[in-house]
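Chemist: The sequence and its predicted three-dimensional model are supplied below.
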Amino acid sequence: MDDRVRRGYDGRGRVVGDERRVKMTTVNFEKVSLTAIKSCKCKGCGKTIRRQKKFYQTINPFNKNKDGRVKTRKEILKELKERIATWNLQDEWHEKCLISDNAKGSWE
Ligand SMILES: [Zn+2]
């Protein structure tokens, strides 16, 4: 696939060109990503932790929604935001606090 065809990919799930000849490994799918930052209390020591995480999905013919249509950028962004909301609520530990908690057997 040459650059001209690649640029012709409109980002809404339509691949311009002969799909039968498209090889998965050569297609550059558009990546929709959001970076989330949170600061929360460590469950081990109680000190503040700052965490950063990147959430992403690509727009591609196999990434479909419940209706069987290829997910749009907007739909992906909505899902990423939902995942970030869940992640925001997750408990966090410093690496060392997690290890010392495990050493105490709290994971049993
Ligand atoms: Zn800690």
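Modeler: Received it, and whenever you're ready, just let me know what you need.

Chemist: Remind me what the top helix by length along the chain packs against, helices and strands.
Modeler: Ordering each helix of the chain by length in residues (DSSP state H) puts helix 73-89 first. For helix 73-89, the packing partners by 3 or more CB pairs under 8 Å, 6 or more residues apart in numbering; DSSP states H and E come out as strand 30-41, strand 48-59. Heads up, the C-betas are built off the backbone N, CA and C, glycines and all.

Chemist: What's opposite residue 58 in the beta bridge?
Modeler: With DSSP bridges applied, residue 58 shows beta-bridge pairing to residue 31.

Chemist: Verify the stated contact: it with residue 29.
Modeler: Yes: counting by CB atoms under 8 Å, residue 58 sits close enough to residue 29 to count as a contact (4.0 Å).

Chemist: CA atoms of stretch 86-97 as CSV?
Modeler: The C-alpha trace of stretch 86-97 is given here as CSV (Å, rounded to 0.1, in the frame of the first residue of the first chain):
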residue,chain,number,x,y,z
THR,A,86,-13.0,2.9,36.0
TRP,A,87,-9.2,3.2,36.2
ASN,A,88,-9.6,6.4,38.2
LEU,A,89,-11.5,4.4,40.9
GLN,A,90,-9.0,1.6,41.1
ASP,A,91,-6.8,1.3,44.2
GLU,A,92,-3.1,1.9,43.7
TRP,A,93,0.0,0.8,45.5
HIS,A,94,3.6,1.8,45.3
GLU,A,95,5.6,-1.1,43.9
LYS,A,96,7.4,-1.5,47.3
CYS,A,97,4.2,-1.1,49.3
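
Chemist: Show me what counts as buried in it.
Modeler: 92-93, 97 (16 or more other CB atoms under 10 Å).

Chemist: which one of these sits closest to residue 54?
Modeler: Ranked by distance to residue 54 (CB to CB), these are led by residue 92 at 16.2 Å.

Chemist: measure the residue lying closest to residue 100 once chain neighbours are set aside to the ion for me?
Modeler: If the residues on either side of it in the chain are set aside, residue 100 comes closest to residue 44, at 6.6 Å by CB to CB, 6 or more residues apart in numbering. Residue 44 is 4 Å from the ion, where distance means CB to the ion, to the nearest Å.
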